[in-house]
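Q: this one's structure only:
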């Protein structure tokens, strides 16, 4: 019984995480900061993008974390390797 409760709890956390990260991007600054984040994303790797981002005037990148907390540049936090890439026009992912 305890195992089933743990599995359900983990499934609930896993399913909620993308929503938290999406909220972070939807509320992210819509400006290109030359130092820090968000800043312009240059797609040197030619990554596949969502059709919602077609025609965006600029794409921005912002560090995201599994626990959903916002990046804290002022306290010298390591941004890690995972980024949300979104349109400066309407925050489309």
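A: The structure has been received and is ready for your questions. Every value quoted in this text rests on a predicted model; they were computed, and no experiment measured them.

Q: What ranges does the protein have for its strands?
A: Taking DSSP state E to define them, one finds strands in the chain at 39-40, 59-63, 83-87.

Q: What mean pLDDT does the shortest one get?
A: Yep, that's strand 39-40 we're talking about. When pLDDT is averaged over strand 39-40, the result is 90.

Q: quick one: strands adjacent to that strand?
A: Applying DSSP bridges, strand 39-40 is found paired with strand 59-63 (antiparallel).

Q: quick revisit: residue 51: which of the strands of the chain is closest?
A: Taking C-beta to C-beta, strand 83-87 is the member of the strands of the chain nearest to residue 51, at 11.4 Å. Heads up, the C-betas are built off the backbone N, CA and C, glycines and all.

Q: what's the closest one packed up against?
A: Using 3 or more C-beta pairs under 8 Å, 6 or more residues apart in numbering; DSSP states H and E, the elements in contact with strand 83-87 are helix 2-26, strand 59-63.

Q: Lowest average confidence across those, which one?
A: The minimum mean pLDDT among the helices and strands packed on strand 83-87 belongs to helix 2-26 (a mean of 46).

Q: what is residue 60 paired to in the beta sheet?
A: Going by DSSP bridges, residue 60 forms beta bridges with residue 40, residue 86.

Q: Tell me if I'm right that it and residue 36 touch.
A: No - between residue 60 and residue 36 there is no contact, the gap being 11.6 Å when judged by C-beta atoms under 8 Å.

Q: and these two? which has more neighbours close in?
A: Taking neighbours as other C-beta atoms under 10 Å, residue 60 and residue 36 compare with residue 60 leading, 24 against 11.

Q: How many residues are close by residue 42?
A: 8.

Q: do you know how far residue 76 is from residue 36?
A: 11 Å (C-beta to C-beta, to the nearest Å).
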